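**Q** turn this into a structure:
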Amino acid sequence: MLEKCGAFLSVDTALMHLAAAMNVRSQVVIETPTWNKPIEPYGNPFVLVKNPTVAGRNLEFYRYDGHGIRGSVEEIRRCMESVTVESVFDTLSKLF
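**A** This next block holds a predicted model:
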């Protein structure tokens with residue numbers, strides 16, 4: 001199914017990587033607190049929808065140090081809720 005997609009919208013999940021492996025055109029990724037260079041979709045161009053709560057502070061939320069994601073479930077939920085439908089729609093509108 002992925003190879004038939006003309007676009008793919010996700011956060012940084014395994015499906016994001018499968019979409020990249022299938023060279024889905026117009027891949028859009030919503031920034032999460034754990035977003036960092038090594039987890040970008042490999043070998044496939046993508047557009048990142050910025051998360052205003054993360055605001056470049058990704059390492060404050062997660063480092064490769066043997067510990068999990070920092071922040072309570074509620075803090076992470078509020079962080080992801082800060083990405084508005086409008087900001088995602090605006091990004092998608094520019095692509096199509």
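
**Q** following the least confident helix or strand in the chain by mean pLDDT, which helix or strand comes up?
**A** The helix or strand of the chain with the lowest confidence, counting by mean pLDDT, DSSP states H and E, is helix 58-61 at a mean of 74. Downstream of helix 58-61, the next assigned helix or strand under DSSP states H and E is helix 73-81.

**Q** any chance you could list what contacts that next one?
**A** Applying CB atoms under 8 Å, 6 or more residues apart in numbering, the contact partners of helix 73-81 are 11, 30, 32-33, 51, 53-54, 61, 69, 71. All C-beta spots, glycine's among them, are computed from the backbone N, C-alpha and C.

**Q** check which helices and strands the top helix by length along the chain sits against.
**A** The longest helix of the chain (DSSP state H) is helix 85-95. Judged by 3 or more CB pairs under 8 Å, 6 or more residues apart in numbering; DSSP states H and E, helix 85-95 is in contact with strand 27-30, strand 46-49.

**Q** reformat those strands as TSV; add distance to Thr84, mean neighbour count and mean pLDDT.
**A** Shown next, in TSV, are the helices and strands packed on helix 85-95 (distance: least, CB to CB, whole Å; neighbours: other CB atoms under 10 Å; pLDDT from 0 to 100):
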stretch	distance to Thr84	mean neighbour count	mean pLDDT
strand 27-30	11	21	96
strand 46-49	10	16	96
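
**Q** mind putting those in TSV, distance to Glu86 included?
**A** Output for the helices and strands packed on helix 85-95, formatted as TSV (distance: least, CB to CB, whole Å):
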stretch	distance to Glu86
strand 27-30	13
strand 46-49	11
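
**Q** which one of the ones you listed lies closest to Leu2?
**A** Smallest distance to Leu2 across the helices and strands packed on helix 85-95 (CB to CB): 10.4 Å, for strand 27-30.

**Q** what packs against the closest one?
**A** Identification of packing neighbours for strand 27-30 by 3+ CB pairs under 8 Å, 6+ apart yields strand 8-10, helix 14-21, strand 46-49, helix 85-95.

**Q** buried ones among the contacts of helix 73-81?
**A** Among the contacts of helix 73-81, those classed as buried by 16 or more other CB atoms under 10 Å are 11, 30, 32-33, 51, 53-54, 61.
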